[in-house]
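# below are the sequence and a predicted model for it; my questions follow.
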Amino acid sequence: MTRKHRVWFPGAMYHITARGNRRSSLFNQRDDYLSYLETLEFTRSMYPFTLHSYCLMTNHIHLQVQTTNFHIKLIMKEMHSRYAIYFNKKYHYDGHVFQGRYGAEVIDTDQYFLEVCRYIHRNPLEAKMVRQLSSYEWSSYPAYVNLVDNHHVFLHKTLRYFQEPITLNYQHFVENSI
(Lines give C-alpha, C1' and ligand atoms only; values in the text may rest on other atoms or scores of the structure.)
Protein backbone atom coordinates (compact mmCIF):
# COMPACT_ATOMS: atom_id res chain seq x y z
CA MET A 1 0.00 0.00 0.00
CA THR A 2 1.38 3.41 -0.90
CA ARG A 3 1.77 6.22 1.59
CA LYS A 4 -0.44 9.27 1.43
CA HIS A 5 1.33 12.19 -0.21
CA ARG A 6 2.14 15.22 1.91
CA VAL A 7 0.12 18.33 1.21
CA TRP A 8 2.48 21.07 0.12
CA PHE A 9 2.36 24.47 -1.52
CA PRO A 10 4.71 27.47 -1.26
CA GLY A 11 4.14 29.02 2.15
CA ALA A 12 2.58 25.89 3.65
CA MET A 13 2.85 25.76 7.42
CA TYR A 14 3.20 22.59 9.49
CA HIS A 15 3.36 21.20 12.97
CA ILE A 16 6.18 18.71 12.57
CA THR A 17 6.65 15.91 15.09
CA ALA A 18 9.20 13.13 15.17
CA ARG A 19 10.07 10.58 17.82
CA GLY A 20 13.15 8.55 18.62
CA ASN A 21 13.07 4.99 17.31
CA ARG A 22 11.31 2.75 19.84
CA ARG A 23 10.74 5.95 21.86
CA SER A 24 14.45 6.07 22.65
CA SER A 25 16.33 9.29 23.29
CA LEU A 26 17.18 11.60 20.44
CA PHE A 27 19.28 13.76 22.72
CA ASN A 28 21.58 12.30 25.36
CA GLN A 29 23.86 15.27 25.95
CA ARG A 30 23.90 19.02 25.49
CA ASP A 31 25.99 18.59 22.32
CA ASP A 32 23.18 16.56 20.76
CA TYR A 33 20.66 19.39 21.13
CA LEU A 34 23.20 21.85 19.77
CA SER A 35 23.95 19.55 16.84
CA TYR A 36 20.26 19.26 15.98
CA LEU A 37 19.92 23.04 15.94
CA GLU A 38 23.09 23.35 13.87
CA THR A 39 21.70 20.78 11.44
CA LEU A 40 18.46 22.76 11.28
CA GLU A 41 20.41 25.90 10.31
CA PHE A 42 22.48 24.03 7.73
CA THR A 43 19.29 22.65 6.20
CA ARG A 44 17.70 26.08 6.21
CA SER A 45 20.68 27.40 4.22
CA MET A 46 19.94 24.79 1.54
CA TYR A 47 16.13 24.87 1.66
CA PRO A 48 14.97 28.17 3.18
CA PHE A 49 12.08 27.96 5.61
CA THR A 50 10.76 29.87 8.61
CA LEU A 51 10.75 28.33 12.06
CA HIS A 52 8.03 29.87 14.22
CA SER A 53 8.45 27.73 17.33
CA TYR A 54 10.17 24.57 18.46
CA CYS A 55 10.72 22.29 21.41
CA LEU A 56 13.33 19.56 21.52
CA MET A 57 12.30 16.99 24.10
CA THR A 58 14.46 14.06 25.17
CA ASN A 59 12.83 11.53 22.85
CA HIS A 60 10.85 13.65 20.40
CA ILE A 61 10.73 17.01 18.65
CA HIS A 62 8.12 19.60 17.75
CA LEU A 63 8.70 22.19 15.03
CA GLN A 64 6.35 24.83 13.68
CA VAL A 65 7.69 25.31 10.15
CA GLN A 66 6.59 27.46 7.24
CA THR A 67 8.02 26.50 3.86
CA THR A 68 9.01 28.87 1.11
CA ASN A 69 9.70 27.29 -2.29
CA PHE A 70 10.82 23.86 -1.14
CA HIS A 71 8.67 20.87 -0.24
CA ILE A 72 8.61 19.93 3.44
CA LYS A 73 9.82 16.42 2.51
CA LEU A 74 13.12 17.84 1.22
CA ILE A 75 13.61 19.88 4.38
CA MET A 76 12.86 17.05 6.79
CA LYS A 77 14.79 14.43 4.81
CA GLU A 78 17.91 16.58 4.80
CA MET A 79 17.62 17.58 8.43
CA HIS A 80 16.87 14.16 9.88
CA SER A 81 19.28 12.27 7.64
CA ARG A 82 22.13 14.54 8.71
CA TYR A 83 21.19 14.34 12.37
CA ALA A 84 20.90 10.53 12.20
CA ILE A 85 24.39 10.29 10.70
CA TYR A 86 25.76 12.48 13.50
CA PHE A 87 23.91 10.53 16.22
CA ASN A 88 24.84 7.06 14.94
CA LYS A 89 28.47 8.02 14.49
CA LYS A 90 28.75 9.61 17.93
CA TYR A 91 27.14 6.71 19.79
CA HIS A 92 28.41 3.91 17.53
CA TYR A 93 24.88 2.88 16.53
CA ASP A 94 23.47 1.56 13.28
CA GLY A 95 19.99 1.88 11.88
CA HIS A 96 17.10 4.25 12.36
CA VAL A 97 17.31 7.12 14.81
CA PHE A 98 13.76 8.36 14.19
CA GLN A 99 10.70 6.14 14.51
CA GLY A 100 8.87 5.91 11.24
CA ARG A 101 7.79 8.86 9.19
CA TYR A 102 7.70 12.30 10.77
CA GLY A 103 4.28 13.80 11.42
CA ALA A 104 3.31 16.89 9.43
CA GLU A 105 -0.03 18.48 10.25
CA VAL A 106 -0.93 21.40 7.99
CA ILE A 107 -1.70 24.57 9.92
CA ASP A 108 -4.48 26.24 7.98
CA THR A 109 -5.95 28.89 10.29
CA ASP A 110 -4.62 31.63 12.54
CA GLN A 111 -6.30 30.06 15.54
CA TYR A 112 -4.66 26.70 14.86
CA PHE A 113 -1.32 28.47 14.33
CA LEU A 114 -1.55 29.96 17.83
CA GLU A 115 -2.75 26.70 19.40
CA VAL A 116 0.19 24.81 17.89
CA CYS A 117 2.63 27.41 19.18
CA ARG A 118 1.12 27.15 22.67
CA TYR A 119 1.11 23.35 22.56
CA ILE A 120 4.75 23.22 21.48
CA HIS A 121 5.85 25.64 24.17
CA ARG A 122 3.90 23.86 26.92
CA ASN A 123 5.46 20.46 26.18
CA PRO A 124 8.16 20.50 28.93
CA LEU A 125 5.60 21.65 31.50
CA GLU A 126 3.06 18.99 30.53
CA ALA A 127 5.82 16.36 30.69
CA LYS A 128 6.68 17.62 34.19
CA MET A 129 10.27 18.31 33.13
CA VAL A 130 10.19 21.89 34.45
CA ARG A 131 8.15 24.03 36.81
CA GLN A 132 8.70 27.17 34.75
CA LEU A 133 8.52 27.03 30.98
CA SER A 134 11.09 29.78 30.63
CA SER A 135 13.71 27.57 32.26
CA TYR A 136 13.59 24.94 29.50
CA GLU A 137 16.61 25.65 27.33
CA TRP A 138 15.67 23.59 24.26
CA SER A 139 12.55 25.49 23.33
CA SER A 140 11.88 28.78 21.59
CA TYR A 141 9.71 29.86 24.52
CA PRO A 142 12.42 31.79 26.43
CA ALA A 143 12.91 33.95 23.32
CA TYR A 144 9.19 34.69 23.20
CA VAL A 145 9.24 36.05 26.74
CA ASN A 146 12.41 38.10 26.10
CA LEU A 147 14.76 36.08 28.25
CA VAL A 148 17.20 35.06 25.52
CA ASP A 149 18.05 35.88 21.93
CA ASN A 150 17.33 33.01 19.60
CA HIS A 151 18.33 33.28 15.95
CA HIS A 152 16.64 29.99 15.08
CA VAL A 153 13.10 31.24 15.45
CA PHE A 154 10.99 33.97 13.85
CA LEU A 155 8.76 35.43 16.58
CA HIS A 156 6.99 38.23 14.78
CA LYS A 157 4.16 36.32 13.10
CA THR A 158 3.07 34.88 16.44
CA LEU A 159 3.51 38.00 18.53
CA ARG A 160 1.56 40.21 16.14
CA TYR A 161 -1.63 38.60 17.48
CA PHE A 162 -1.05 40.04 20.95
CA GLN A 163 -1.62 43.54 22.28
CA GLU A 164 0.78 45.49 24.48
CA PRO A 165 2.40 44.40 26.67
CA ILE A 166 3.02 41.76 24.00
CA THR A 167 5.46 39.58 25.91
CA LEU A 168 3.29 39.42 29.03
CA ASN A 169 0.15 38.71 27.03
CA TYR A 170 1.87 35.90 25.14
CA GLN A 171 3.21 34.49 28.39
CA HIS A 172 -0.29 34.57 29.88
CA PHE A 173 -1.68 32.88 26.75
CA VAL A 174 0.79 30.00 27.03
CA GLU A 175 1.20 29.55 30.76
CA ASN A 176 -2.43 29.95 31.79
CA SER A 177 -3.74 27.48 29.26
CA ILE A 178 -6.73 25.43 30.28
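That came through fine. Numbering: from 1, shown residues only.
# gap between residue 150 and residue 105?
Applying Cβ to Cβ, to the nearest Å, one obtains 23 Å for the distance of residue 150 from residue 105. Using the backbone N, CA and C atoms, a C-beta is placed for each residue, glycine as well.
# more neighbours, those two?
In this view residue 150 and residue 105 are compared by other Cβ atoms under 10 Å, and residue 150 has more residues nearby, 17 against 13.
# now the more buried one: how far from residue 79?
In this structure, residue 150 lies at 18 Å from residue 79, with Cβ to Cβ as the measure.
# residue 70 reaches residue 45, doesn't it?
No - Residue 70 sits out of contact with residue 45 when judged by Cβ atoms under 8 Å, with a separation of 11.8 Å.
# those two: which has the busier surroundings?
Using other Cβ under 10 Å as the criterion, residue 70 and residue 45 rank with residue 70 on top: 16 against 8.
# with adjacent residues omitted, what lies nearest to the more buried one?
residue 47 (4.0 Å; Cβ to Cβ, 6 or more residues apart in numbering).
# wait, the one you found touches residue 73, no?
No - the pair residue 47 and residue 73 does not pass the contact test of Cβ under 8 Å, sitting 10.1 Å apart.
# quick one: which of these two has more around it?
Using other Cβ under 10 Å as the criterion, residue 47 and residue 73 rank with residue 47 on top: 18 against 14.
# who touches the more buried one in this structure?
Residue 47 makes contacts with 70, 74-75, 78, as judged by Cβ atoms under 8 Å, 6 or more residues apart in numbering.
# for residue 42, same thing?
Residues counted as contacts of residue 42 (Cβ under 8 Å, 6+ apart) are residue 82.
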